[in-house]
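Q: here is a sequence together with a model predicted from it:
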6 protein chains.
Amino acid sequence: MHEFYENLFTRHQETHDMPSNVRIWEWARNVFRLMFPERNSKKLLSVEAVRATFKIHENELYELLLKSKDCAACDHAKIVRNFFHALPDIYQQLLEDAQAMLDGDPAAKNLSEVIRTYPGFLAISLYRMAHQLWLDDVPLFPRILTEYAHERTGIDIHPGATIGRHFHIDHGTGLVIGETTIIGDYVKLYQGVTLGALSVDKFLAGQRRHPIIEDHVIIYAGATILGGETRIGRHAIIGGNVWLTSSVPAYTTVYHKSQVKFADPKIGL
Amino acid sequence: MHEFYENLFTRHQETHDMPSNVRIWEWARNVFRLMFPERNSKKLLSVEAVRATFKIHENELYELLLKSKDCAACDHAKIVRNFFHALPDIYQQLLEDAQAMLDGDPAAKNLSEVIRTYPGFLAISLYRMAHQLWLDDVPLFPRILTEYAHERTGIDIHPGATIGRHFHIDHGTGLVIGETTIIGDYVKLYQGVTLGALSVDKFLAGQRRHPIIEDHVIIYAGATILGGETRIGRHAIIGGNVWLTSSVPAYTTVYHKSQVKFADPKIGL
Amino acid sequence: MHEFYENLFTRHQETHDMPSNVRIWEWARNVFRLMFPERNSKKLLSVEAVRATFKIHENELYELLLKSKDCAACDHAKIVRNFFHALPDIYQQLLEDAQAMLDGDPAAKNLSEVIRTYPGFLAISLYRMAHQLWLDDVPLFPRILTEYAHERTGIDIHPGATIGRHFHIDHGTGLVIGETTIIGDYVKLYQGVTLGALSVDKFLAGQRRHPIIEDHVIIYAGATILGGETRIGRHAIIGGNVWLTSSVPAYTTVYHKSQVKFADPKIGL
Amino acid sequence: MHEFYENLFTRHQETHDMPSNVRIWEWARNVFRLMFPERNSKKLLSVEAVRATFKIHENELYELLLKSKDCAACDHAKIVRNFFHALPDIYQQLLEDAQAMLDGDPAAKNLSEVIRTYPGFLAISLYRMAHQLWLDDVPLFPRILTEYAHERTGIDIHPGATIGRHFHIDHGTGLVIGETTIIGDYVKLYQGVTLGALSVDKFLAGQRRHPIIEDHVIIYAGATILGGETRIGRHAIIGGNVWLTSSVPAYTTVYHKSQVKFADPKIGL
Amino acid sequence: MHEFYENLFTRHQETHDMPSNVRIWEWARNVFRLMFPERNSKKLLSVEAVRATFKIHENELYELLLKSKDCAACDHAKIVRNFFHALPDIYQQLLEDAQAMLDGDPAAKNLSEVIRTYPGFLAISLYRMAHQLWLDDVPLFPRILTEYAHERTGIDIHPGATIGRHFHIDHGTGLVIGETTIIGDYVKLYQGVTLGALSVDKFLAGQRRHPIIEDHVIIYAGATILGGETRIGRHAIIGGNVWLTSSVPAYTTVYHKSQVKFADPKIGL
Amino acid sequence: MHEFYENLFTRHQETHDMPSNVRIWEWARNVFRLMFPERNSKKLLSVEAVRATFKIHENELYELLLKSKDCAACDHAKIVRNFFHALPDIYQQLLEDAQAMLDGDPAAKNLSEVIRTYPGFLAISLYRMAHQLWLDDVPLFPRILTEYAHERTGIDIHPGATIGRHFHIDHGTGLVIGETTIIGDYVKLYQGVTLGALSVDKFLAGQRRHPIIEDHVIIYAGATILGGETRIGRHAIIGGNVWLTSSVPAYTTVYHKSQVKFADPKIGL
């Protein structure tokens, strides 16, 4: 037992000091709430107060990066500058995403409902913020942000993925979008869709292993699309529970047909 | 950048004041814990204390509704009265749901385990409370409640759905039940089941777009059943991963057969 | 209404006093953080402090068990002793699991990323702790721990399952592993996989109802494998969305082939 | 050192289980806020809600008493009944006290300022509640309540003291009122006044050891009045810093005259 | 009893909505910590971040004032502007106060100890902020701030008092400074000093009722100085426990001489 | 204004990083609760758990010292070792102090009441812990601990003072004990007593400036005793409100006699 304690003690000394996941989540949540006050009880009463709140979040990000030993070689100031410089465009994209979710879901009553309650909106928001940090090679933070969204929504988007505008996630639980996926504009994904890798040997790290989804594609619940060579052409519709490891041309519909048999239900399946 | 700050400032002024999601969740959680003290460390020591606690929750709901500008035209007192008047029946239904989950799951040891640990029980509880508010046309609150359940359990039940008694959800992650779904009594659903819409064009809002599931139906993991014309007859069994867009008669078993091929596993899939 | 209040009052009196779910979660989280300081901001500065922290957690578990009326007949001291005696091996297994997840996922950069952000790692950690309590017949606690993991990760592993070493969960949302499942070493499971029961009649409680997965098996996203007689042979590969209710020999590849049809996308599916 | 640990361990086992000071404070604070909503952000929206909140606090007091082993022989139900039966009169007295403080202090602007900010008002409120419990021989709770007030205000009133109506405390820091003190109506006390015991030998426990202060007396800052035989007659005025161990007739003024000397201030005092 | 509930209900409806004391305290504490980072764990990493934090606190004060119905007729924007415009000078005065406390107390090791631990420093800081709000006729807030200081330090300074520069409070518990007191520069006050009113009839409200203390005066522990006509001349020294209701010329020393008698200590006092 | 921001920014950069007052208070409070479980809801269930909890607090103190830049030159390990080595004796002294307070106060019912509710007991406890750190020249921590007690109790004991055994504080608000005071055994002090310095010129720092109080002395409320040459002989009794700047022989009684005059109370004082 003593050896075990010594092992843990060694680990405790070796472990890189780093801001806790919780602090990083809070930072991102605060930026998110600033952009979408529907999720935020604090009302800002002047343009100056808005601007000041951004500065505070800049200071906070800078401090989080400084404290992260994994990021010792980072250009902290540049990362912060780039992130907040990109934020107006991220905000614009998120408004379009919310609009896409409102337009595409008959159950949605108004934009406020989407912003306050749609898990897909939370997930794409955290992804878009995380992706900006990913582009500046910040270690660990981007993944911590998208895993926070994963935990809260069941939607697992790797921060390295590339996702176009007017993106619509419906329901979303179980959705997986891999690191090198490329998704066009006006794409709509349902719950349980996987955009994954065919083979996951470690030596492929750094290469494209995930599919390309072109503009205006719809992929229904539970479909699994794998592989770096797989490309789903524009305006294609992929039916639910489909399993696809090869490309599909534009304007195609792919579906999966179940066999229906009359059987004695007592036997069960 | 200044324009961005001004946009956000304008949004901050326009945003309807409304109780935060967190306060609405807490209200619902408190009502839930009052009915199921297994989830609640506070013990009430007299009938009077039980009754008083209900009154407190009535007051809280009334205040939440009053503070919600989206609900300015609501008859707040009537909503509150209806909700708490319906609660004894909701409670009875939830006890039956818990019993159904206990009866249908060999791994369940007793009712207490179901109530304390089954995500399906939490999800159906929040749905049944949210549905009552939905019936009284309360805006946003019902969805906030079911999305809270969605976040905690991965079970996404729209508050507008109609669900019968003795409802059994097993595991449940990824389960989706759409707005106009109708589910009978003694139905059992597994994880990853979608009861969704075939087509989700916005102009269908308000019409039935989701299937009807009759009494005693069982639907296994990952099955996807879509469309407002689709009706699953009583005592039907739908196998896992099935994709269904048309009706199925009573007492039918539908299943999905995978092809099994011997292949060189080195090639992968 | 008065009758309803009286019912609830009776329930409040009958309900077994027991530590709240939250306290039990906190205990487990503290043990977990002690082993993996990457998830813990408190640094222990001596071997003595590590040892002492274990003692504190022993005291806490003992107190939780003592306060649990369901566990009145337990040998509390023995449960505590066994748990902490087993912990060094659990820790070793978890390090191997983390290594397996790092080796098997090209997107993973280092062990620290796996430990801090992979939901599969959190889920297997709570399962391994819960399983040890399960082996000592502790009521309710094991399920409370695995449902905590389920809530946070969407990964639903029953504490009674048997899982070998070098276990790899990728993404994981929607994964279900039933009570009597047996899983070998070096197995890799993706999101949405169900290892479930064919028939779930209550009278089968206590019998094996779930499959056996041998060493080195890979099961892709959305596959459903059911039944106590079902055995997946070693080195088999089960493709995504496959539905399996019978055994598969070693070194087999099973996959599911979707039909691809060109269709007028306006018709939808 | 081991012996020390064993001592503490023994103490830990022997220590009576009892609700923590913090829980008892919270109960009292909640009752206080219910009566004085100026100190409470939660608004009650119906008479029913007011009544229900009282019931909740009754339940809470009952539970606190039940959990207190020192109070095993108490008639818990009677204590609770008496306390809440007395509350309307306590409330009335506190309104009069607040009015007295408003009338007597030119700096006070309105009743709301007194209720929200005057430490004397907080102290007399907790005293009046504690005194009611004292009358029913509740152990420890009364002292815990008045020491809470002592900690927050520096005003130390023993729960056993008897205090009349229209009581005015100004500033109040350092005020001490002993266990067997009797104070009439319309009395006004300043900061630093001591109404104490002349001799505090243990064998006097249970006897009157503190002075009697008749109606309409004013006692200025820093006066010390001691002894169970000491009686301050009605309408007497006791000057600041006076030291009194014998009685004073009605309508008397007692003051303390300092010697004023011209001296070289470099010497100091 | 029902009448009591109705009374309380009426009070609940009548009570002015106002930000809670706690929120007002937090605002002031945050401004204080921004000026004295020794009391604040959050480090600001750029001048911009400092400026932004001020803006946030401006926004917060503005919101607090807006929400306060007592302040409906206030010019909220002007109050905020004046407060933050005055802050640099308040800060300068507080630095001088801290220096005065360091210079005058041999036990003080350095400025950091004064700022972090001296109750006098906390009290004068909250007074100086409260006084600025008082000058702009803000209702209730100033008193809430100084009573917060009173509660934490036992030092009770009315926000209406006028206090010069280089002010030194030593120990301070029980110190009372009334509403119309005027204190010069380089004054030093010990614990238990009262600068109060001789007569406190309500009709004197608005008139000067408290003494004038000129520059360089020292007043020792427990001295009581009363009356609007009382003026303590510059460089006077007032001994401990002195009771003064008339003026004292400059450079005077006033002290109080106790009688010392040999007595049989068995008799006690 | 910009200059002000720059000043503050500079201060923010210069400020020594140090654990917050709150963290240091929590450490001390935890040690205190471990010794006096009456103030602690967590029950330790084995000697091992007691020992382990001490180790945790050792680790915590060590970490706090390490993080304190003011203590960069400290021998952290030695300070921690000495503190916990001294703790059994501190504990013994505190038990004696509690017993002294019980014996000397007729209002005290039992030891538990003293430990749970007497501010004097809290103050002497924090003093005795702080004094041990003071003996090892730890900067700032000792004062932070005694000021925490000062804030909660109004009792201001400098950590450098020397205090004997069986020490009794009654009520205590406003009590001040200076840095170089020496107090014997069985001494009893009331509220508002000052043991202070006659002259507080900075150049006296490091010299004895405060009185010596021999064994068995009693000092009543509001007495002020000043000066490093002042010695109060054993068994002396100092009456309330006395002002003393010179020594008093053993077995003396010193008291203060107020003048009592009949006067027209309408004139006031």
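A: Right, received. Where do you want to start? Numbers count the residues shown, from 1 in each chain, chains lettered A, B, ... in the order given.

Q: and the nearest residue to A:Ile155 once chain neighbours are set aside, how far from C:Val193?
A: With sequence-adjacent residues excluded and distances taken as CB to CB, 6 or more residues apart in numbering or on different chains, A:Ile155 is closest to A:Ala123, at 3.8 Å. Yep, even glycine has a C-beta here, placed from its N, CA and C like the rest. Distance, A:Ala123 to C:Val193, using CB to CB, to the nearest Å: 22 Å.

Q: do the same with A:Gln99
A: 35 Å.

Q: equivalent analysis for A:Gly239, please.
A: 21 Å.

Q: count of neighbours near A:Glu14?
A: Neighbourhood size, A:Glu14 [other CB atoms under 10 Å in any protein chain shown]: 8.

Q: got the residues of the stretch 101-250 of chain A near chain F?
A: Neighbours of chain F within the stretch 101-250 of chain A, by CB under 8 Å from any CB of the partner chain: none found.

Q: low-confidence ranges in the stretch 101-250 of chain A?
A: Within the stretch 101-250 of chain A, the ranges that satisfy pLDDT under 70 run A:199-205.

Q: for it, just list every one of the helices.
A: Counting by DSSP state H, counting those that start in this stretch, the stretch 101-250 of chain A has helices at residues A:111-117, A:119-135, A:141-153.

Q: so which bits of the second one are buried?
A: Using 16 or more other CB atoms under 10 Å in any protein chain shown as the burial criterion, the residues of helix A:119-135 that qualify are A:119-134.

Q: before we move on, what about stretch A:65-72?
A: Applying 16+ other CB under 10 Å to stretch A:65-72 flags A:Leu65, A:Ser68, A:Asp70, A:Cys71 as buried.

Q: these: which two are farthest apart?
A: A:Leu65 and A:Asp70 (9.8 Å; CB to CB).

Q: if we can go back for a sec, now render the helices of the stretch 101-250 of chain A as JSON lines, adding distance to D:Phe141.
A: Converted to JSON lines, the helices of the stretch 101-250 of chain A look like this (distance: least, CB to CB, whole Å):
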{"stretch": "helix A:111-117", "distance to D:Phe141": "45"}
{"stretch": "helix A:119-135", "distance to D:Phe141": "47"}
{"stretch": "helix A:141-153", "distance to D:Phe141": "43"}
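
Q: out of those, flag the one nearest B:Ala107.
A: helix A:141-153 (24.8 Å).

Q: so, in contact with chain B or not, the closest one?
A: Yes - judged by CB under 8 Å from any CB, helix A:141-153 and chain B are in contact via A:Arg152, A:Thr153.

Q: hmm, who's touching that helix?
A: A:21, A:24-25, A:28, A:64-65, A:68, A:71, A:119-120, A:122-123, A:125-127, A:129-131, A:133-134, A:155-160, A:172-173, B:151, C:113, C:116-119, C:152-153, C:173 (CB atoms under 8 Å, 6 or more residues apart in numbering or on different chains).

Q: for B:Gly104, see how far away the residue nearest to A:Ile155 is.
A: 32 Å.

Q: still on that earlier bit, quick one: the residue nearest to A:Ile155 and A:Asp170 touch, right?
A: No - counting by CB atoms under 8 Å, A:Asp170 is not a contact partner of A:Ala123; they are 11.7 Å apart.

Q: do you know how far the closest residue to A:Gln191 other than its chain neighbours is from B:Gly206?
A: In this structure, A:Gln191 finds its nearest non-sequential neighbour in A:His171, 4.0 Å apart by CB to CB, 6+ apart. Separation of A:His171 from B:Gly206 (CB to CB): 20 Å.

Q: higher neighbour count, those two?
A: The residue with more neighbours, out of A:His171 and B:Gly206, is A:His171; 28 against 10, by other CB under 10 Å.

Q: tell me where the stretch 51-200 of chain A has strands.
A: Taking DSSP state E, counting those that start in this stretch, the strands of the stretch 51-200 of chain A run over residues A:156-157, A:162-163, A:168-169, A:176-177, A:182-183, A:188-189, A:194-196.

Q: residues in contact with the third one?
A: Spelled out, that is strand A:168-169. A:97, A:100-101, A:104-105, A:118-121, A:123-124, A:155, A:175, A:186-190.

Q: neighbours around whichever residue of the stretch 101-250 of chain A sits closest to chain D, how many?
A: Sorted by distance to chain D under CB to the nearest CB, the residues of the stretch 101-250 of chain A start with A:Arg116, at 23.4 Å. Other residues near A:Arg116 come to 20 when the count uses other CB under 10 Å.

Q: skipping its backbone neighbours, what lies nearest it in space?
A: Nearest to A:Arg116 is A:Glu38, by CB to CB, 6+ apart, at 5.1 Å.

Q: in a helix, that's where that neighbour is, yeah?
A: Yes - applying DSSP: H, G, I helix; E, B strand; the rest coil, one finds A:Glu38 inside a helix.

Q: ok, it - contacts?
A: A:Ser112, A:Ile115, A:Arg116, B:Thr15, B:His16, B:Met18.

Q: from what I can see the fourth one touches A:Arg39, true?
A: No - with contact defined as CB under 8 Å, B:Thr15 does not count as touching A:Arg39 (9.6 Å).

Q: any idea what A:Arg231 is bridged to?
A: A:Ile212 (DSSP bridges).

Q: per-domain residue ranges of chain A.
A: A:1-155, A:161-269 (automatic domain parsing).

Q: any idea which of these is most buried?
A: The highest average neighbour count among the domains of chain A, using mean count of other CB atoms under 10 Å in any protein chain shown, belongs to domain A:161-269 at a mean of 21.

Q: centre of the chain to it, how far?
A: 16 Å (CA atoms, centre = their mean, to the nearest Å).

Q: now swap in stretch A:122-142 and tell me
A: For stretch A:122-142, the distance to the chain centre is 8 Å (CA atoms, centre = their mean).

Q: chain E versus the closest residue in space to A:His85 that isn't next to it in sequence, what's the distance?
A: Sequence neighbours aside, B:Met1 is the residue nearest to A:His85 in space, at 7.9 Å (criterion: CB to CB, 6+ apart). To chain E, B:Met1 is 13 Å away according to CB to the nearest CB, to the nearest Å.

Q: then A:Thr224?
A: Taking CB to the nearest CB, one finds A:Thr224 at 46 Å from chain E.

Q: without its sequence neighbours, what residue ends up closest to that residue?
A: C:Gly240 (4.0 Å).

Q: is it true that the one you found touches C:Tyr190?
A: Yes - using CB under 8 Å, C:Gly240 is in contact with C:Tyr190, at 7.3 Å.

Q: which residues do those two both contact?
A: Joint contacts of C:Gly240 and C:Tyr190 (CB under 8 Å, 6+ apart) are A:Thr194, C:Tyr220, C:Ala221, C:Gly222, C:Ala223.

Q: which residues does the first one contact?
A: Neighbour list for A:Thr194: A:175-176, A:223-226, C:171, C:190-192, C:221-222, C:240 [criterion: CB under 8 Å, 6+ apart].

Q: who in the stretch 101-250 of chain A is up against chain B?
A: Counting by CB under 8 Å from any CB, the residues of the stretch 101-250 of chain A that sit close to chain B are A:103-107, A:109, A:112-113, A:116-119, A:152-154, A:170-171, A:173-174, A:190-192, A:198-199, A:220-222, A:226, A:239-241, A:245.

Q: go with 7 Å
A: A:103-107, A:112-113, A:116-117, A:119, A:152-154, A:171, A:173-174, A:191-192, A:198-199, A:221-222, A:239-241, A:245 (CB under 7 Å from any CB of the partner chain).

Q: and the stretch 1-150 of chain A, which residues reach chain C?
A: A:1, A:4-6, A:8-9, A:11-12, A:15-16, A:20-21, A:140, A:143-144, A:147, A:150.

Q: for the nearest residue to A:Leu61 once chain neighbours are set aside, give me the pLDDT.
A: Spatial nearest neighbour of A:Leu61, excluding adjacent residues (CB to CB, 6+ apart): A:Val80 at 5.2 Å. Here, the pLDDT recorded for A:Val80 equals 97.

Q: what sits against A:Val80?
A: A:Glu58, A:Leu61, A:Tyr62 (CB atoms under 7 Å, 6 or more residues apart in numbering or on different chains).

Q: since that was my last question, I'll sign off now.
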